[in-house]
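In: okay, predicted coordinates and the sequence, questions at the end:
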Amino acid sequence: MENRSSKRILVTGGAGYIGSHTVAELIRVGYQVVVADNFSNSRPEVLEALHKITGVAIPFEKTDFSSLNEVEDLFAHYQFDAIIHFAAFKSVNESVQRPDLYYRNNLISLLNLVDVALKNGVNKLVFSSSCSVYGDPDQLPVSESTPLKKAESPYAFTKQIGERILQDYTHDGTLQNIFLRYFNPAGAHDSALIGEYPLQQPNNLVPVITQTAIGLRPSMDVFGSDYETSDGTCVRDYIHVVDIAQAHVKAIDRLLSLVSTKSLTEIYNLGSGKGNTVMQVIHAFEQVSGQKLNYQIKDRREGDVIKVYADVSHAKKQLGWAAEKSLHDILLSAWNWEKALEIKNKKQTTIS
Ligand code: WQD
């Protein structure tokens, strides 16, 4: 993709986990970026970290996408060539407790964004989707043509509805969508300046492991060991967050180099294509860190699918993207990030 430096990309939720890693990659390859975020599940210090990583003071606009006025203001101030839309609530558990928050925030934000974008002639959109749109798949590995089953949570349903909204919006004749369906994102930037840093306690496997290893948690639970898998624990497709970020660059490159102006929707699975059980991840972490993990086997967790991992051939063939980092890389980078957080928090407590 030539002359990226003349192209400006709006990254909504760009202070978040996958958003911040994607901003770093977009700038690294030469794009101009504007970050819009309301810090509902991210922190302003991530922007300073991105400045350190990229050497660029990235334009930032505090924006709540569920407010139509704020979205209109944003588009009144900037000309965008394309959009990557991350800004959404993403906790499966929380969505079960508070479906109202999830439907309101995730769907109204998307509708505001796409309506205002199209009104301003911005018609290229990368949508942050999720393997959770597949529900509990009957066949493995999961490909983009695997039929979508019933969403297992309101969060997953907002992703299914979001994809359907954008597909139906292509009837306007101009909207060009790429949906990226993430499997299990994990790990952190090699600099250990950015990583998974939600405002609430994380409940995903890898951050729970690193928090247990560093002593923030006395122990961790393994949810179920009686599944029909090699060691009785669930299988997931763990994918490095930097690999995911690089897939977003490929998607933006593709949208901006399209000759056709016709509407389209393309869908890509972002996974490693490999499945690992919970116990395999735990043992791999113990090897990587040299730390013994304190865990206990507990009952199954409501809503967990037994096995899910991706068929990634479509992204390789059409997007020219494949995961490059291993489970070892994921766990080492996550561990380095956890250790960096410990130093940062210690510094903050001594200062305050
Ligand atoms: C993984 C496995 C748990 C924590 C997540 C997101 C979802 C989507 C995919 C983006 C499961 C087990 C976990 C713990 C455990 N991502 N586990 N003890 O549920 O696959 O889904 O990634 O859209 O939105 O939620 O990820 O990391 O929570 O669980 O045993 O303390 O680890 O039972 O088998 P999940 P997870």
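Out: Cool, got the structure. Residues are numbered from 1 along each chain as shown.
In: how about the helices in this structure?
Out: 17-28, 45-54, 68-77, 92-97, 99-102, 108-119, 154-169, 205-214, 241-256, 278-289, 313-314, 327-351 (DSSP state H).
In: correct me if wrong: residue 38 contacts residue 87.
Out: Yes - using Cβ atoms under 8 Å, residue 38 is in contact with residue 87, at 7.5 Å. For every residue, glycine as well, the C-beta is placed using N, CA and C.
In: the ligand contacts on the chain?
Out: Within the chain, the residues that sit near the ligand (Cβ under 6 Å from any ligand atom) are 90, 92, 130-132, 182, 184, 203-205, 208, 220-223, 234, 236, 278, 301, 304.
In: which ones among those lie within strands?
Out: By the criterion of DSSP state E, membership of the residues of the chain next to the ligand in strands covers 130, 182, 184, 220-223, 236.
In: show the buried residues in those residues.
Out: 130, 182, 184, 220, 222-223, 236 (16 or more other Cβ atoms under 10 Å).
In: now tabulate those residues in a markdown table and tack on pLDDT.
Out: A markdown table is the format used below for those (pLDDT from 0 to 100):
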| residue | pLDDT |
| --- | --- |
| 130 | 97 |
| 182 | 98 |
| 184 | 98 |
| 220 | 98 |
| 222 | 98 |
| 223 | 98 |
| 236 | 98 |
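In: adding distance to residue 327, write those out as JSON lines.
Out: Below are these laid out as JSON lines (distance: Cβ to Cβ, whole Å):
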{"residue": "130", "distance to residue 327": "20"}
{"residue": "182", "distance to residue 327": "16"}
{"residue": "184", "distance to residue 327": "11"}
{"residue": "220", "distance to residue 327": "18"}
{"residue": "222", "distance to residue 327": "17"}
{"residue": "223", "distance to residue 327": "19"}
{"residue": "236", "distance to residue 327": "11"}
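In: among those residues, which one lies nearest to residue 153?
Out: Comparing these against residue 153 with Cβ to Cβ places residue 130 closest, at 10.2 Å.
In: ok so, going back, what's the most buried one of the helices of the chain?
Out: Burial of those is given as mean neighbour count (mean count of other Cβ atoms under 10 Å); helix 17-28 ranks first at a mean of 25.
In: got a list of contacts for that helix?
Out: 9, 11-14, 33, 35, 37, 42, 46, 49-50, 53-54, 56, 58, 84, 86-87, 128, 182, 185, 189, 194-198, 241-242, 244-246, 248-249, 252 (Cβ atoms under 8 Å, 6 or more residues apart in numbering).
In: tell me which of the helices of the chain sits nearest to residue 140.
Out: helix 313-314 (13.9 Å).
In: pLDDT on the closest one, on average?
Out: What helix 313-314 shows for mean pLDDT is 98.
In: show me what it is packed against.
Out: Other helices and strands packing on helix 313-314, by 3 or more Cβ pairs under 8 Å, 6 or more residues apart in numbering; DSSP states H and E, are strand 264-270.
In: what about the strand it packs on, average pLDDT?
Out: For strand 264-270, mean pLDDT is 98.
In: in its sheet, what does it sit against?
Out: With DSSP bridges as the test, strand 264-270 is paired with strand 176-182 (parallel).
In: next, the angle from the partner strand to helix 154-169.
Out: 160 degrees (axes from the mean of the first three to the mean of the last three Cα atoms, to 10 degrees).
In: show residues contacting strand 176-182.
Out: Residues outside strand 176-182 that contact it (Cβ under 8 Å, 6+ apart) are 18, 123-131, 133-134, 144, 163, 166-167, 170, 239, 244, 247-248, 251, 254-255, 258, 263-271.
In: how big is the angle separating that strand from helix 241-256?
Out: Using the same axes, to 10 degrees, strand 176-182 lies at 170 degrees relative to helix 241-256.
In: any stretches of the protein with poor pLDDT?
Out: 351-352 (pLDDT under 70).
In: good, wrapping up.
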